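**Student:** Just the structure for this:
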Amino acid sequence: MDAIARVITRMSEVIVITLMFTIIILVSAETIARYGFDSSFYITNEVCVILLVWIGYVGCSLAIKEGGHAAFEVLQGKLSKWLRVKRSWILMLCNLLVAVFAVFLFVTGIPVTLNVIHEHAPASGISQFWMFVAAPVGAFLMLFQLLMLIRANVADILSKTEPKPGEEVVDGRVKDLRDIY
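**Tutor:** The predicted structure is shown next:
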């Protein structure tokens, strides 16, 4: 399972980097064409919007893997102190809430995606399917990363080691997932 996690994470990183590089090239070429040659590419805007949607959804799965949502970090720290529970329990709750959202996004994203297959962007003629399919794909990637986090959290919760007084509380993500990826 860890090898699959590494491959999926690496593929997600390559996808995001490639799409970002593509946007840089397209926007640079558009800018040069517009200001240097008084001409414009008519598809740049639509293609960049589609690529940005993909970057958002695939990048969200990477942010989940890294624990990159600042609100959850603050929530975990405050609630673990306020409720006097292990931070892993709060992390598990946050991961489960995000998983519920990702399942909802996946389940509702598929019919929406299928409904727009025959709709096309006005300038480029690209099917809207390519933009909308990013939601279920991204939700699937988010669920996979959440599954890895939840697995690490369960292991952390089941461990009986408590932090020593004054020692930083380390959750399962930091302790286990850094080694997996």
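
**Student:** Please make it C-alpha for all contacts and neighbour counts, starting now.
**Tutor:** Will do.

**Student:** so where's the longest helix in the protein?
**Tutor:** Assignment by DSSP state H gives helix 2-37 as the longest helix of the chain.

**Student:** Please work out the average pLDDT along it.
**Tutor:** Mean pLDDT, helix 2-37: 90.

**Student:** can you tell me the distance between the two ends of stretch 121-131?
**Tutor:** Stretch 121-131 has its terminal residues 10 Å apart, counting by Cα to Cα, to the nearest Å.

**Student:** ugh, wrong one, I meant stretch 117-128
**Tutor:** Using Cα to Cα, one end of stretch 117-128 lies 6 Å from the other.

**Student:** any weak-confidence spans in the chain?
**Tutor:** Low-confidence segments of the chain, defined by pLDDT under 70: 67-88, 160-181.

**Student:** what ranges do the strands span in it?
**Tutor:** For the chain, strands defined by DSSP state E do not occur.

**Student:** what's near enough to touch the residue nearest the centre of the chain?
**Tutor:** For the chain, the residue nearest the mean C-alpha position is residue 60 (1.6 Å; Cα atoms, centre = their mean). For residue 60, the contact set (Cα atoms under 8 Å, 6 or more residues apart in numbering) comprises 138, 142.

**Student:** Check the gap between it and residue 151 for me.
**Tutor:** Using Cα to Cα, one gets 19 Å for the distance from residue 60 to residue 151.

**Student:** swap in residue 111?
**Tutor:** Counting by Cα to Cα, the gap from residue 111 to residue 151 is 30 Å.
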